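Peer 1: Test case, fold it:
(chains A and B, ligands or ions: 2)
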Amino acid sequence: MGEILKLHFDVDGDDFTSAGEASAEVKKKLRLLGYSPETVRRVSIAMYEGEINMVIHAGGGVADVEISEDCIKIVLEDHGPGIENIELAMSEGYSTAADAVRSLGFGAGMGIPNMKRYTDSFNLESTVGVGTKVTLVINT
Amino acid sequence: MKLRDLSAYLQLEPIQVSDDARDVVGAYTGDLLSWVMTRLEADFAWVTIMNNVNVIAVAALADASCVIFSENAEISADVIEKAKAQNINLYRTVKSSFEISYMIGKVLYAE
Ligand SMILES: Nc1ncnc2c1ncn2[C@@H]1O[C@H](COP(=O)(O)OP(=O)(O)O)[C@@H](O)[C@H]1O
Ligand SMILES: [Mg+2]
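Peer 2: Ligands and ions are numbered 1, 2, ... in the order given. Purely as a prediction, here's the structure:
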């Protein structure tokens, strides 16, 4: 059994410019550690979508990443507005993103579907008025 | 094909070039980032009119060869700065996304 590498990121909520920095950092790390391009790609896409969601829908949050030999686990947690109808939010094309956010190329309603597609395990817990926690696991 | 050969053939305007000796093995055209992210592969050229900093983040995650801004899109200083920091090659063309994609297809996928 190999050891587990833990990374923690604060994802800034009022800055679109830095959105994606945490996933870029994780991508770099995984590459250095020699994970397959396919694994790196899946982690990057899933984590970027989660990171972006915290920025555009929740005013930021934190990301905790655990890298081990057989899987990469990403926990994204925020204290934003929460999601009222989780089932609806998980469906393709559903988005509550504002026009300003859409004009930046976000808000296609593909974020959560992408996270599901690129992970081996996806879990979303959300309480309105409390926040949202997304747990993603990618097996290597 | 090498990026420098592709950009010469397409007569692209270089905006920020870190490494034009890299390969271009395919291309993708699109503006919705969540969509592009799943289609853009490593060493692909990406044609888009989207011109904000998040484009650089997506290009970096996908490990794209370059971003080609179509329709003479305006490119801000912070986009260029971020691209420089992440070694993302940026070019621009006055052509439409369709026209430039058609030309890329002709040269890249020609037998
Ligand atoms: N962290 C979050 N906090 C609050 N709402 C969220 C969060 N993540 C997603 N949502 C809600 O779920 C919807 C669907 O998310 P997603 O599939 O990523 O699409 P998009 O981000 O393009 O709107 C969002 O429009 C939003 O209403
Ligand atoms: Mg999203």
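
Peer 1: which residues touch residue 15?
Peer 2: Since no chain was named, I'll use chain A. Counting by CB atoms under 8 Å, 6 or more residues apart in numbering or on different chains, A:Asp15 touches A:Val55. C-beta: built from backbone N, CA, C; applies to glycine.

Peer 1: was after chain B, sorry
Peer 2: B:Phe69, B:Ile75, B:Ile80, B:Ala83, B:Leu90, B:Tyr91, B:Arg92.

Peer 1: out of those, which are inside strands?
Peer 2: The members of those that map onto strands under DSSP state E are B:Phe69, B:Leu90, B:Tyr91, B:Arg92.

Peer 1: follow-up on the earlier one: got a quick ChimeraX command for the buried subset of the contacts of B:Ile15?
Peer 2: Under the burial definition 16 or more other CB atoms under 10 Å in any protein chain shown, those of these that qualify are selected in ChimeraX by:
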select /B:69,75,80,83,90,91,92
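
Peer 1: Can you classify residue 27 as helix, strand or coil?
Peer 2: No chain was given, so I picked chain A. Three-state assignment for A:Lys27 (DSSP: H, G, I helix; E, B strand; the rest coil): helix.

Peer 1: my bad, chain B
Peer 2: B:Ala27 carries the three-state label strand when classified by three-state DSSP.

Peer 1: A helix includes B:Arg4, no?
Peer 2: Yes: going by three-state DSSP, the assignment for B:Arg4 places it inside a helix.

Peer 1: What sits closest to it if chain neighbours are left out?
Peer 2: The spatially closest residue to B:Arg4, leaving aside those adjacent along the chain, is B:Asp20, at 3.9 Å (CB to CB, 6 or more residues apart in numbering or on different chains).

Peer 1: Please look at the one you found and B:Met1 and confirm they touch.
Peer 2: No: in this structure, B:Asp20 is not within contact of B:Met1 by CB atoms under 8 Å, at 11.4 Å.

Peer 1: show me what contacts A:Ala108?
Peer 2: Remark: with contacts taken as CB under 8 Å, 6+ apart, A:Ala108 is in contact with A:Gly93, A:Ser95, B:Leu32, B:Leu33, B:Ser34, B:Trp35.

Peer 1: possible to save those residues as JSON lines with distance to B:Asp5?
Peer 2: Putting these into JSON lines (distance: CB to CB, whole Å) gives the following:
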{"residue": "A:Gly93", "distance to B:Asp5": "39"}
{"residue": "A:Ser95", "distance to B:Asp5": "40"}
{"residue": "B:Leu32", "distance to B:Asp5": "29"}
{"residue": "B:Leu33", "distance to B:Asp5": "28"}
{"residue": "B:Ser34", "distance to B:Asp5": "31"}
{"residue": "B:Trp35", "distance to B:Asp5": "28"}
